[in-house]
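# Okay, sequence plus prediction incoming.
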Amino acid sequence: MLHSVRRGDGPPLVLLAGIGMAGAAWDPVADRLAGERELWAVDLPGFGGSAAFAAGAPCGVEALADSVEAFLGDAGLERPHAAGNSLGGAVALELGRRGAVASVTALSPAGFAGTTGGEFAYRSLQLTHRVSRALHVRGPRTFARPGVRRLLCGQIFARPERLSPDQAYANVVTLVDGAGFHAVLDALADFRFAGQVQVPVTIAWGTRDGLLLPSQALRARRVLPEARHLWLRGCGHVPMSDDPAQVAAVLLSGSATPVSAAVAAAPSNGGH
């Protein structure tokens, strides 16, 4: 069973983070959400407190969605709302395609890059992992100066100086210690989302995303024209700490669709 942290009260909202990150990535917005949603921050396989897939097993978006869907069943969550960032956004969209969730809010989701954008993201993440491994042994003191946090985290966060040294270091620890990083990254290399999602979808893209560049938002609009498409002004690829109020508002509005209405709109066969 996947590791998760549950808090809050209201309609359930499952939160899925990006590659190399854990459920704690949602902490900056959790207090703003917990009064209106029952939050389930879930670690994807191979990251945070969740065990990685067995060596050689499929570990792409469909396999990750399988594991989350199984988690929903084990936790007794029947068609919750789902939100995801980056890889987590792609997994949330796949769950929406299957009709396993009531709505999807995806923040800069993976799966909408062209060949050049996909290669750029792949190489960037490889480099980030190598640099993070080198810094891992130095501890939080490496991130004590805001300028250093900007230099080392600026591609992912538009405002890395808002991270505390401990928060910045925790991201490095989760990335480096995540046993699933390389296998999942390789599995994502050729992934492009091409499905139809028949539950309400909101896609929000950071205008300062330095990893999955904002031009990919235009491709997402073409692939999913029925979705609600928004910009997260001044936010980077992982926007939760860049502007917690803006991100929380998008998550609350995106998960505001009554579950009963979403169930009625879902495909009767549970997906395509």
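Noted; the coordinates are in hand. Numbers count the residues shown, from 1 in each chain.

# Please put the alpha-carbon coordinates of stretch 103-121 into CSV.
What follows is stretch 103-121, C-alpha atoms only, in CSV (Å, rounded to 0.1, in the frame of the first residue of the first chain):
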residue,chain,number,x,y,z
SER,A,103,-12.4,15.5,-11.1
VAL,A,104,-8.8,16.2,-12.0
THR,A,105,-6.7,19.3,-11.4
ALA,A,106,-3.3,19.0,-13.1
LEU,A,107,-0.5,21.6,-12.4
SER,A,108,2.0,21.6,-15.3
PRO,A,109,1.3,17.9,-16.0
ALA,A,110,3.8,15.7,-17.8
GLY,A,111,2.8,14.3,-21.2
PHE,A,112,2.4,17.4,-23.4
ALA,A,113,6.0,18.0,-24.6
GLY,A,114,7.2,17.8,-28.1
THR,A,115,10.4,15.9,-28.9
THR,A,116,12.7,18.8,-28.1
GLY,A,117,10.8,19.7,-24.9
GLY,A,118,10.8,16.1,-23.7
GLU,A,119,14.5,15.8,-24.3
PHE,A,120,15.2,19.1,-22.5
ALA,A,121,13.2,17.9,-19.4
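
# Now that we're looking at residue 265, what pLDDT does it have?
At residue 265, the pLDDT value in this model is 35.

# Please disregard the earlier target; I meant residue 137.
For residue 137, pLDDT reads 76.

# what's it sitting at in phi/psi?
phi -70, psi -10 (degrees, to the nearest 10).

# Could you name the helices and strands sitting against the top helix by length along the chain?
For the chain, the helix that runs over the most residues, judged by DSSP state H, is helix 115-136. Counting contacts by 3 or more CB pairs under 8 Å, 6 or more residues apart in numbering; DSSP states H and E, helix 115-136 packs against helix 165-177, helix 181-188. Where C-beta positions appear, they are placed from N, C-alpha and C, glycine not excepted.

# and the longest one, how far out from the chain's middle?
To tie it back to what came earlier, the one meant is helix 165-177. Relative to the chain's own centre, helix 165-177 is displaced by 16 Å; criterion: CA atoms, centre = their mean, to the nearest Å.

# Tell me how many other residues crowd the residue lying closest to residue 17 once chain neighbours are set aside.
Leaving out its chain neighbours, the residue that sits closest to residue 17 by CB to CB, 6 or more residues apart in numbering is residue 25, at 4.2 Å. For residue 25, the count of nearby residues is 27 (other CB atoms under 10 Å).

# How many neighbouring residues does residue 194 have?
Residues near residue 194, counting by other CB under 10 Å, number 10.

# element containing residue 72?
helix 61-75 (DSSP states H and E).

# Name the residues of that helix that are buried.
Neighbour counts using 16 or more other CB atoms under 10 Å place 61, 64, 65, 66, 67, 68, 69, 71, 72, 75 of helix 61-75 among the buried residues.

# I'd like these as JSON lines, with distance to residue 128 and pLDDT appended.
Below are the buried residues of helix 61-75 laid out as JSON lines (distance: CB to CB, whole Å; pLDDT from 0 to 100):
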{"residue": "61", "distance to residue 128": "20", "pLDDT": "98"}
{"residue": "64", "distance to residue 128": "20", "pLDDT": "98"}
{"residue": "65", "distance to residue 128": "24", "pLDDT": "98"}
{"residue": "66", "distance to residue 128": "27", "pLDDT": "98"}
{"residue": "67", "distance to residue 128": "24", "pLDDT": "98"}
{"residue": "68", "distance to residue 128": "24", "pLDDT": "98"}
{"residue": "69", "distance to residue 128": "29", "pLDDT": "98"}
{"residue": "71", "distance to residue 128": "27", "pLDDT": "98"}
{"residue": "72", "distance to residue 128": "30", "pLDDT": "98"}
{"residue": "75", "distance to residue 128": "32", "pLDDT": "97"}
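
# Going by distance to residue 174, which of those residues wins?
Nearest to residue 174 out of the buried residues of helix 61-75 is residue 64 (CB to CB; 16.2 Å).

# any idea how far residue 115 is from the closest one?
Using CB to CB, to the nearest Å, residue 64 is found at 23 Å from residue 115.

# Tabulate the buried residues of helix 61-75 (a markdown table), appending distance to residue 232.
Formatted as a markdown table, the buried residues of helix 61-75 follow (distance: CB to CB, whole Å):
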| residue | distance to residue 232 |
| --- | --- |
| 61 | 22 |
| 64 | 23 |
| 65 | 24 |
| 66 | 29 |
| 67 | 27 |
| 68 | 23 |
| 69 | 27 |
| 71 | 27 |
| 72 | 27 |
| 75 | 29 |
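
# That'll do, ta.
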